[in-house]
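[1] Here's my sequence, what's the structure:
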Amino acid sequence: MAPEESFSRVPLEVTVIGKGKLRGEIIKHLAPSTNLTIIRRGKLAGRATLEGDTVVVPTSIRAAAEKQKTKFMTGDIGFLPLNGALYLFTKDTFTPRPMNHIGRVDPEAELLRKISRGDTIVFEVMQRPTSS
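    Here you go, the predicted model:
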């Protein structure tokens, strides 16, 4: 998936240490305040846990609920303000708790389904806008 060049889409690289990389994008208008916080941070990392077919990566990000939803598609990235975790959806899912939808990674990437509990995952913004 090649992210479209646009002011509202920021390239993202998700690295699963020792396994590979996923390309994706943060889509600013989906959750503007949350995404601005993530973009300013530049890089977030954590160890993966699994909730069913969803990969959960705890972070230190604190943000409020924005445009929350409960239906996510394969490759979507969500953020749960309740615990500050990023969620990677490995299949189409309805979540029990509403989350901020912040972006997506390539839903066709085989690596998405090979992430396992304990893997270190790094989310890195590839280009930071000079003004937002």
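
[2] Buried residues, stretch 63-82. List them.
    Ala63, Glu66, Gln68, Phe72, Thr74, Gly75, Asp76, Ile77, Gly78, Phe79, Leu80, Pro81 (16 or more other Cβ atoms under 10 Å). Heads up, the C-betas are built off the backbone N, CA and C, glycines and all.

[3] got the contact list for the last one?
    Contact analysis of Pro81 by Cβ atoms under 8 Å, 6 or more residues apart in numbering lists Thr34, Arg62, Ala63, Ala64, Ala65, Met99, Asn100.

[4] Ok, the second one next?
    Glu66 is in contact with Ala31, Pro32, Ser33, Thr34, Asn100, counting by Cβ under 8 Å, 6+ apart.

[5] May I ask which of those has the most neighbours?
    Ala31 (26 neighbours; other Cβ atoms under 10 Å).

[6] In this structure that residue contacts Pro98, no?
    No. Ala31 lies out of contact with Pro98 (Cβ atoms under 8 Å); the separation is 11.6 Å.

[7] Tell me, how many residues neighbour Thr54?
    17.
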